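**Student:** Model the following, please.
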Amino acid sequence: MLENSESAIPIWDYKSKENQNSTVLHTSVFKKNLEITKLLIDYCKKHNEKNLQSFIDSGNDQGVTALHYASFRGDIAIINLLVENGADIYRKTEKGLNVIHYCAQGNKPSSLMYFYFKLKEKFNSDNQYSLITEKDFGGSTPLHWAVYSVAEDLLLYLINLDIFKTENER
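**Tutor:** The predicted model follows:
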């Protein structure tokens with residue numbers, strides 16, 4: 001919390017009106033600042049643990065969370081930190097985009113593979129493909145977004161996943 005101020009705002013409640021009501025966590029993640037991101041999460045754990053989940057999963061005006069930004073930026077250390085602290089990997093934006101849509105838009109195969117293996121570990125079945133095949137509210141899958149974004153690196157990884165192979169190729 002800001003000290004010596006009549007209108008002190010706790011860091012977990014502060015939103016930047018100039019940046020679509022993004023939180024300080026959004027900003028640190030978008031700037032790929034792991035140390036500040038850790039500091040913010042630790043501070044919230046210490047001073048407001050009951051609201052840690054809502055702080056981490058807080059969306060800006062478009063519903064974009066810190067995990068969406070981390071996926072777009074391809075920062076595995078930050079993605080892992082957020083997930084370890086309870087970030088909802090299934091959270092969608094106001095337009096229905098999930099973390100894999102953001103991996104595609106950012107051309108970040110590292111993010112894609114993190115979620116692919118995380119889901120495979122969790123489900124060990126075809127349920128692991130739910131985020132990869134999910135359509136946003138405009139009907140576009142991450143594959144559509146990869147093509148639209150000219151995300152060649154991610155596209156190569158995406159089309160080589162088991163989901164796009166025939167039974168004979170697996």
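**Student:** could you pull out the helices for the chain?
**Tutor:** Taking DSSP state H as the test, the helices found in the chain are 24-30, 34-48, 52-56, 66-73, 76-84, 99-106, 109-123, 130-133, 142-148, 152-159.
**Student:** Report all helices and strands that the shortest one contacts.
**Tutor:** With contacts defined as 3 or more CB pairs under 8 Å, 6 or more residues apart in numbering; DSSP states H and E, helix 130-133 has these neighbours: helix 99-106, helix 109-123. C-beta here means a position set from N, CA and C on the backbone, and glycine is covered the same way.
**Student:** can you check the fourth one too?
**Tutor:** Packing partners of helix 66-73 (3+ CB pairs under 8 Å, 6+ apart): helix 24-30, helix 76-84, helix 99-106, helix 109-123.
**Student:** which other helices and strands contact the first one?
**Tutor:** Counting contacts by 3+ CB pairs under 8 Å, 6+ apart, helix 24-30 is packed against helix 34-48, helix 66-73.
**Student:** And the contacts of that helix?
**Tutor:** Here helix 24-30 makes contact (CB atoms under 8 Å, 6 or more residues apart in numbering) with 11, 14, 16, 19, 22, 36-37, 40-41, 55-56, 58, 60, 64-67, 69-70, 73, 75, 78, 82.
**Student:** sorry, back to before: possible to save the helices and strands packed on helix 24-30 as CSV with mean pLDDT and distance to Gly139?
**Tutor:** Formatted as CSV, the helices and strands packed on helix 24-30 follow (pLDDT from 0 to 100; distance: least, CB to CB, whole Å):
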stretch, mean pLDDT, distance to Gly139
helix 34-48, 94, 33
helix 66-73, 98, 19
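**Student:** Buried deepest among the ones you listed, which one?
**Tutor:** helix 66-73 (a mean of 26; mean count of other CB atoms under 10 Å).
**Student:** which other residues reach that helix?
**Tutor:** Counting by CB under 8 Å, 6+ apart, 23, 25-26, 29-30, 32, 37, 56-58, 78-79, 82-83, 87-89, 91, 93, 97, 99-100, 102-103, 105-106, 108, 111, 115 sit against helix 66-73.
**Student:** Can you say which of these are buried?
**Tutor:** Neighbour counting with 16 or more other CB atoms under 10 Å marks 23, 25-26, 29-30, 37, 56-58, 78-79, 82-83, 87, 89, 91, 93, 97, 99-100, 102-103, 105-106, 108, 111, 115 as buried within the contacts of helix 66-73.
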